[in-house]
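Engineer: A structural model of the following input is requested.
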Amino acid sequence: MASRGVLGARDRLILLLITVVHLVVFLDTTVLNVALPSIGADLGLDEAGLGWGANAYLLAFGGFMLLGGRAADLLGPRRVFAGGLAAFTVTSALAGFATMPAALIAARALQGLGAAVVIPAQLALLATTFTEPAVRNRAFGVWSAMGAAGAAIGTAVGGPLTDLFDWPSIFLINLPVVCWHWPLSGCCRRIRHGRIVPSAGSTCPARSPAPQRC
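Structural biologist: The predicted structure follows:
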């Protein structure tokens, strides 16, 4: 059991699953910047088109985040997180295989929409999973640090990926990073009415709910 801000093994696994996705979401805010000249040369995009390619993700990400939070309230954070992650993964592949400017810009906008759905669901999952104040503070600290790290890593790896594997790799790199989430998520507990219970077929014991005040 986690105490005094120390995360237990189960807590670390859940936090890892959430924060790695958070890192990838923010990595995509900056990874495109260095690859813009290569994208423009291959797809025939002018400066205005390259601006849309870079900003479509950010506009959809910021513009639909409130809608993503409302969806998490209505449908449940776990379901919305899974749906948003699936959308983010598929649209990353579409962006990587885009052969026309319109296809790339549309894929980037839809990718941003998936990210806008994922982030509020992550916040809800963290709040309902880590109920002890000290543990919750540490979990949110790790989550915030991973977002900042993702933005910094995107700037650092965009150039090498473009030089070595061409510009589609900056989008396709998301696929192996995110897809490992799916098999591991089967080991995580489902969140139901504020409790973390084992997934179907899991041999892990359920965590007792936090005591409630009268």
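Engineer: so what does the spatially most central residue of the chain have for phi and psi?
Structural biologist: Nearest to the geometric centre of the chain sits residue 21, at 3.3 Å (Cα atoms, centre = their mean). Main-chain torsions, residue 21, degrees, to the nearest 10: phi -60, psi -40.
Engineer: residue 46 too?
Structural biologist: Here residue 46 shows phi and psi, under degrees, to the nearest 10, equal to phi -90, psi -170.
Engineer: this protein: strands as residue ranges?
Structural biologist: Along the chain, the segments classed as strands by DSSP state E run 190-192, 195-197.
Engineer: now do the longest helix along the chain: which elements does it pack against?
Structural biologist: When the chain is parsed with DSSP state H, its longest helix is helix 133-165. Packing contacts for helix 133-165, counted by 3 or more Cβ pairs under 8 Å, 6 or more residues apart in numbering; DSSP states H and E, involve helix 9-27, helix 101-129, helix 169-172. The C-beta positions use only the backbone N, C-alpha and C, and glycine is treated the same way.
Engineer: list the buried ones in the longest one?
Structural biologist: In other words, helix 101-129. Neighbour counts over helix 101-129 (16 or more other Cβ atoms under 10 Å) mark 101, 104-126, 128-129 as buried.
Engineer: show me what that helix is packed up against.
Structural biologist: With contacts taken as 3+ Cβ pairs under 8 Å, 6+ apart, helix 101-129 sits against helix 9-27, helix 36-43, helix 47-63, helix 65-75, helix 77-96, helix 133-165, strand 190-192.
Engineer: for it, give the mean pLDDT please.
Structural biologist: For helix 101-129, mean pLDDT rounds to 94.
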